[in-house]
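# have a look; sequence and predicted model below, questions after that.
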Amino acid sequence: MPRHITISYLLAVAAVVLVLYFHLVPAVFAGLAVYVLTLKLARHLPQNMNRFAHKAALGVVVICVITCLTSACAAIWSFVGSSHGIAALLSTIVDTLGSLRRTLPDTIAEVLPTTTEGLREQLGVLLGDHVQKISVAGMEGVKVFAHILLGMVVGGMAAVHHFGEHEKAPPFIHTLRSRLRTLGTAFDKVVFAQVKISGLNTALTAVYLLVALPLFGVHLPMATILVLLTFAVGMLPVVGNLVSNTAIVVISLGVSPGVGAASLLFLVLIHKAEYFMNARIVGHEVQATAWELLSAMLLLEAAFGVAGLVAAPVVYAWLKAEVKEQGMI
C-alpha cells in the first residue's frame, strides 16, 4: 500500500478516536448531516449551469439545510426544557412510582422504595442546585450549540468543495477526500436507516397510545409526549428503546396493572419485530450482521460511553467499507 494512503488511514482513525474522546460526536454528526443532505439536494440542480451559478446555488442549498437543521435542534431543545415536555414526563413517572408502592403486592413494592427514593432524591438535588448551576449549565449548552453550528458550517463547506475540480490535487489530499466520502456514505446509510426504523416504531407506538387505548376507554397521561419521546430516543440504537419502553410501561402501570401488562406485551411484540427489521435494514445497508453491530456498540460504549454507543454503527460501517475497498474481505 502506498505511503500516503497508509498515513491517510492512520489520520482518519486518530480523528475518530479524538472525536469520541473529546465528546465531539454531536458536532461531527451535524456536519455529516449537512454534508450528506447538501450532496443529495445538489443532484437536483440543473446540469447546464456555469461554474459561478452552480457555486451560488450550492451556497443557497447549504444555507437552507443549516437553517432547517438548526430550527429542528432549537425546537427539540425547547421541547426538552419546557414545563410540558420532559420535565413534566419525569414528574409523572416519579408520582406513578410513588403510587405503585401503595398498590402493588409487598413482594414487588419492596423493590421500588430504593428506586423511587433515588429518583426523588435526584430530582430534589437537581431542583435544589438549579439556581447555583444554571450559569454553568447555560454555558455548557451554549458550548455544545456552538460546536454543532460550527460542525454544520464545516460540513457545508466540505459539500461545496466536493464539487470543485480535484484533478490537480496532490495524492495525499485525494486520499483524505476519499476517506471523507466513504465516511459520508456510511453515515448516510446508517443514520437514515435508523430514521426509518424510528419512524416506524413511533407510528406503531402512536397507534397504540393514541388510538387503540382510547378505543377501550383508556387515556394514558402524557401520551403525546411519550410518542415524541419514542421518536427522539429511537435514534439511539438499543438504549433508546429501553428509555421509551420504561417510561410507557411505568405510566401505564399508574393507570392500572392491566394497562401496564398490555403495554408491556405490545412493546415486547413490536420491538421483537423491530430487532429483525433493524438487523435487516441497517445490516443490509452496511453489509453487516446484527452481532457485528452489537459487538461494535458494546466495545465503543465500554471505551467512550454513550458517545461511543451512538457513533458505533457509523464507525463500524465506515471501517468495514474501507476494508472492503482494499479487497481484504
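Ah, there it is.
# any buried residues in stretch 170-186, and which?
175-177, 179-180, 182-186 (16 or more other Cβ atoms under 10 Å). Just so you know, the C-beta spots here come from the backbone N, C-alpha and C atoms, and that holds for glycine as well.
# got any ranges where the stretch 151-300 of the chain has weak pLDDT?
Within the stretch 151-300 of the chain, the stretches with pLDDT under 70 are 164-168, 236-240, 271-286, 290.
# all helices of it, in order?
171-206, 213-215, 223-233, 239-255, 257-286, 290-304 (DSSP state H, counting those that start in this stretch).
# indicate which one of those is closest to Arg43.
helix 171-206 (12.7 Å; Cβ to Cβ).
# got the angle for the closest one vs helix 223-233?
160 degrees (axes from the mean of the first three to the mean of the last three Cα atoms, to 10 degrees).
# for the helices of the stretch 151-300 of the chain, give me JSON lines that also has distance to Ala146.
Below are those laid out as JSON lines (distance: least, Cβ to Cβ, whole Å):
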{"stretch": "helix 171-206", "distance to Ala146": "22"}
{"stretch": "helix 213-215", "distance to Ala146": "42"}
{"stretch": "helix 223-233", "distance to Ala146": "22"}
{"stretch": "helix 239-255", "distance to Ala146": "26"}
{"stretch": "helix 257-286", "distance to Ala146": "31"}
{"stretch": "helix 290-304", "distance to Ala146": "22"}
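# closest to Val16 out of those?
helix 171-206 (8.8 Å).
# and the closest one, what other elements does it pack with?
In terms of contacts (3 or more Cβ pairs under 8 Å, 6 or more residues apart in numbering; DSSP states H and E), helix 171-206 is packed against helix 3-21, helix 25-42, helix 130-162, helix 223-233, helix 239-255, helix 257-286, helix 306-325.
# need those in JSON lines with distance to Val211 and mean neighbour count, can you?
As requested, the helices and strands packed on helix 171-206 are arranged in JSON lines below (distance: least, Cβ to Cβ, whole Å; neighbours: other Cβ atoms under 10 Å):
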{"stretch": "helix 3-21", "distance to Val211": "41", "mean neighbour count": "14"}
{"stretch": "helix 25-42", "distance to Val211": "32", "mean neighbour count": "21"}
{"stretch": "helix 130-162", "distance to Val211": "36", "mean neighbour count": "15"}
{"stretch": "helix 223-233", "distance to Val211": "10", "mean neighbour count": "19"}
{"stretch": "helix 239-255", "distance to Val211": "15", "mean neighbour count": "20"}
{"stretch": "helix 257-286", "distance to Val211": "12", "mean neighbour count": "16"}
{"stretch": "helix 306-325", "distance to Val211": "31", "mean neighbour count": "20"}
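# got those as TSV, with distance to Leu210 columns?
Formatted as TSV, those follow (distance: least, Cβ to Cβ, whole Å):
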stretch	distance to Leu210
helix 3-21	38
helix 25-42	29
helix 130-162	32
helix 223-233	6
helix 239-255	12
helix 257-286	13
helix 306-325	28
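# circling back to that earlier point, so which of the helices of the stretch 151-300 of the chain comes closest to Ala74?
Of all the helices of the stretch 151-300 of the chain, helix 223-233 comes closest under Cβ to Cβ, at 14.1 Å.
# restricting to C-alpha, output the closest one in PDB.
In PDB, the C-alpha atoms belonging to helix 223-233 read as follows (Å, rounded to 0.1, in the frame of the first residue of the first chain):
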ATOM      1  CA  ALA A 223     -49.400  10.100  25.600                       C
ATOM      2  CA  THR A 224     -48.400  12.700  23.100                       C
ATOM      3  CA  ILE A 225     -45.100  13.400  24.900                       C
ATOM      4  CA  LEU A 226     -44.400   9.700  25.000                       C
ATOM      5  CA  VAL A 227     -44.900   9.400  21.200                       C
ATOM      6  CA  LEU A 228     -42.500  12.300  20.700                       C
ATOM      7  CA  LEU A 229     -40.000  10.800  23.100                       C
ATOM      8  CA  THR A 230     -40.200   7.500  21.300                       C
ATOM      9  CA  PHE A 231     -39.100   9.100  18.000                       C
ATOM     10  CA  ALA A 232     -36.400  11.200  19.600                       C
ATOM     11  CA  VAL A 233     -34.700   8.500  21.600                       C
END
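# among the helices and strands packed on helix 171-206, which is nearest Val65?
helix 25-42 (4.9 Å).
# got the contact list for the residue positioned nearest the centre of the chain?
Nearest to the centroid of the C-alpha atoms of the chain, with distances taken as Cα atoms, centre = their mean, sits Met235, at 3.6 Å. Each residue near Met235 by Cβ atoms under 8 Å, 6 or more residues apart in numbering is listed here: 191, 194-195, 198.
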